[in-house]
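[1] What follows is a predicted structure for the sequence shown.
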Amino acid sequence: MRYLAAAVALLAVALGVAGFVYGEADDSPGLQLLSALLVIGAVAIGVRVARRTR
């Protein structure tokens with residue numbers, strides 16, 4: 001279960017970074033905000049899962 005959560009968090013971070021880059025090219029502040037929130041949320045959930053499994 002821990003590996004699945006880590007893989008999902010990593011995928012969410014990658015998707016968020018891609019969205020942030022695309023938002024920068026498209027000059028879309030809304031997409032950049034949503035992408036940043038996605039990355040922050042994925043990192044927070046990943047840290048939470050890592051702390052609970054120890």
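    Received, thanks. Residues are numbered from 1 along each chain as shown.
[2] quick one: contacts of stretch 40-48?
    Outside stretch 40-48, the residues that touch it by CB atoms under 8 Å, 6 or more residues apart in numbering are 5-6, 8-10, 12-13, 16. Bear in mind the C-beta positions are built from the backbone N, C-alpha and C, glycine included.
[3] so how far is that stretch off the chain centroid?
    Distance, stretch centre to chain centre, for stretch 40-48: 8 Å (CA atoms, centre = their mean, to the nearest Å).
[4] Please apply the same query to stretch 12-26.
    10 Å.
[5] Contacts made by that stretch with the rest, please.
    Contacts of stretch 12-26 (CB under 8 Å, 6+ apart): 28-32, 34-36, 38-39, 41-43.
[6] do stretch 27-37 as well
    Contacts of stretch 27-37 (CB under 8 Å, 6+ apart): 15-20, 22-24.
[7] how distant is that stretch from the center of its chain?
    12 Å.
[8] in that stretch, what's buried?
    Of all the residues in stretch 27-37, those buried under the rule 16 or more other CB atoms under 10 Å are 31-32, 35.
[9] Could the C-alpha coordinates of that stretch be exported in CSV?
    Extracted in CSV, the C-alpha atoms of stretch 27-37 (Å, rounded to 0.1, in the frame of the first residue of the first chain):
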residue,chain,number,x,y,z
ASP,A,27,-0.1,32.5,-19.8
SER,A,28,-2.8,31.0,-17.7
PRO,A,29,-2.6,32.0,-14.0
GLY,A,30,-5.5,29.8,-13.1
LEU,A,31,-3.8,26.7,-14.4
GLN,A,32,-0.6,27.6,-12.6
LEU,A,33,-2.5,28.0,-9.3
LEU,A,34,-4.3,24.6,-9.7
SER,A,35,-1.1,22.9,-10.7
ALA,A,36,0.8,24.4,-7.7
LEU,A,37,-2.0,23.3,-5.4
